[in-house]
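J.: When you get a sec, could you give me coordinates for this:
(one chain, ligands or ions: 1)
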Amino acid sequence: MKAGLNAEHAHVSPKYLYDALGSKLFEAICELPEYYPTRTEAGIFAERAEAIAASVGRGATLIDLGAGNCTKAAKLFPALRPSQYAPVDISVDFLRDAVGRLQMQFPQIDMIGVGMDFSSGLALPEAVNDDNRLFFYPGSSIGNFMPDEALAFLRRVHAACMHGDKANGGILIGVDLVKEKGVLDLAYDDALGVTAAFNLNILRHLNLLLDADFELRAWRHRGFFNVERSRVEMHLESEIDQVVSWAGGERQFARGERIHTENSYKYTQDNFIAMLRQAGFGDVAAWTDPAGWFLVCHARA
Ligand code: AVI
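T.: Model prediction:
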């Protein structure tokens, strides 16, 4: 983290956006009129639930990557009727509460919460069935990986679909699509300033983690679509010439200098399906909303 702050173009991993307050701010972002991905994806799942269930088949082992409060997957239970539900999240306490509540609502589904950071590996506990696994990865979280990391991640999911030496199961994934720059710019720089607060909160988090002295009022949120790189970029821009220090180091930031905090890649339907195939997946079924803003894919291993 300190190496990133000291780099010529300073950067911080987006995972530091998600402390307790950051997670709440992200939930608020999902409610914003400008932030279309959450409701557009929910609309596709609601409208196309039967077609998705027909493609996926009933009775799968549903493995929910980054499950959070498990609400997205729970909405699909009536259509998918999974035999087992395994939500995976780094925040174990949060998960325990969510699974406890869900188990009462759906007593017929075997549930096992898995507390782990799946970004580096997918070694699931033995209690998670290895037959007919359906990995669920909604919300376009795949967009927060660099494309080569996204491909490596999909390859790991594909490998985790192996049952003995036979590939079975697959992935159900939501991906945000390339669209007009104006729409993307507003989605990541909303009128209320919630995305700005979400981005600035990373500095508050760094102050706690690194014993740093970032002065939040001296930084400004920047969020915009970089057309050439097909990604939304979030940065924090220094409003003044300043020195920031942290345990064991310090750095000078000139007025206008930026810290890069997040990328959110936007794909076309064709290039995302090509990536799924490159990762080893076979048949792909795809659904979008009427405006073609968001894509849901079911890909078989
Ligand atoms: C979590 N992730 C998919 C969000 C996105 O759209 O890339 C994070 C986010 N950053 C700013 N607004 C939302």
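J.: hey, let's count contacts and neighbours off CA atoms from now on
T.: Will do.
J.: Report the secondary structure element holding residue 209.
T.: Per DSSP states H and E: residue 209 is located in helix 194-210.
J.: Kindly check the end-to-end length of stretch 250-261 for me.
T.: 18 Å (Cα to Cα, to the nearest Å).
J.: Briefly note if it comes near the ligand.
T.: No - using Cα under 6 Å from any ligand atom, stretch 250-261 stays clear of the ligand, with a minimum separation of 9.4 Å.
J.: near the ligand, which residues of the stretch 151-300 of the chain?
T.: Near the ligand, when you scan the stretch 151-300 of the chain using Cα under 6 Å from any ligand atom, you find 188, 195, 264.
J.: For the residues you listed, could you give me CSV that also reports pLDDT?
T.: Converted to CSV, those look like this (pLDDT from 0 to 100):
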residue, pLDDT
188, 99
195, 99
264, 98
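J.: can you count the residues close to the residue in the stretch 51-200 of the chain positioned nearest to the ligand?
T.: Using Cα to the nearest ligand atom, the single residue of the stretch 51-200 of the chain nearest to the ligand is residue 141, 3.9 Å away. Using other Cα atoms under 10 Å, residue 141 has 17 neighbouring residues.
J.: so what's it up against?
T.: Contact analysis of residue 141 by Cα atoms under 8 Å, 6 or more residues apart in numbering lists residue 175.
J.: Would you map the helices across the stretch 1-150 of the chain?
T.: For the stretch 1-150 of the chain, the helices defined by DSSP state H, counting those that start in this stretch cover 2-6, 20-29, 37-47, 49-56, 71-80, 92-105, 147-160.
J.: I'd like the C-alpha coordinates of the shortest one written as PDB, please.
T.: Once non-C-alpha atoms are left out, helix 2-6 reads as follows in PDB (Å, rounded to 0.1, in the frame of the first residue of the first chain):
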ATOM      1  CA  LYS A   2       2.800   2.400   0.900                       C
ATOM      2  CA  ALA A   3       4.600   1.400  -2.300                       C
ATOM      3  CA  GLY A   4       1.500   2.500  -4.300                       C
ATOM      4  CA  LEU A   5       1.400   5.800  -2.500                       C
ATOM      5  CA  ASN A   6       5.100   6.400  -3.300                       C
END
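J.: Please point out which parts of it sit buried.
T.: 2, 5 (16 or more other Cα atoms under 10 Å).
J.: picking up where we left off before, adding mean pLDDT, write the helices of the stretch 1-150 of the chain out as CSV.
T.: Converted to CSV, the helices of the stretch 1-150 of the chain look like this (pLDDT from 0 to 100):
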stretch, mean pLDDT
helix 2-6, 96
helix 20-29, 94
helix 37-47, 98
helix 49-56, 96
helix 71-80, 96
helix 92-105, 92
helix 147-160, 97
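J.: between those helices, which one is nearest to residue 296?
T.: helix 37-47 (7.4 Å; Cα to Cα).
J.: Quick one: neighbours of residue 109, just the number.
T.: Neighbours of residue 109 (other Cα under 10 Å): 18.
J.: Pull the contacting residues for it.
T.: Taking Cα under 8 Å, 6+ apart as the test, what residue 109 contacts is 82-85, 103.
J.: Not counting its own residues, what contacts stretch 25-43?
T.: Contacts of stretch 25-43 (Cα under 8 Å, 6+ apart): 72, 139-140, 174, 176, 183, 186-188, 190, 194-195, 197-198, 289, 293-296.
J.: 7 Å instead, please
T.: Under the contact criterion Cα atoms under 7 Å, 6 or more residues apart in numbering, stretch 25-43 has outside partners 139, 174, 176, 186-187, 190, 194-195, 198, 289, 294.
J.: would you list those in TSV and tack on neighbour count?
T.: Formatted as TSV, the contacts of stretch 25-43 follow (neighbours: other Cα atoms under 10 Å):
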residue	neighbour count
139	22
174	28
176	29
186	18
187	23
190	17
194	17
195	26
198	21
289	17
294	29
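J.: Done for today, thanks.
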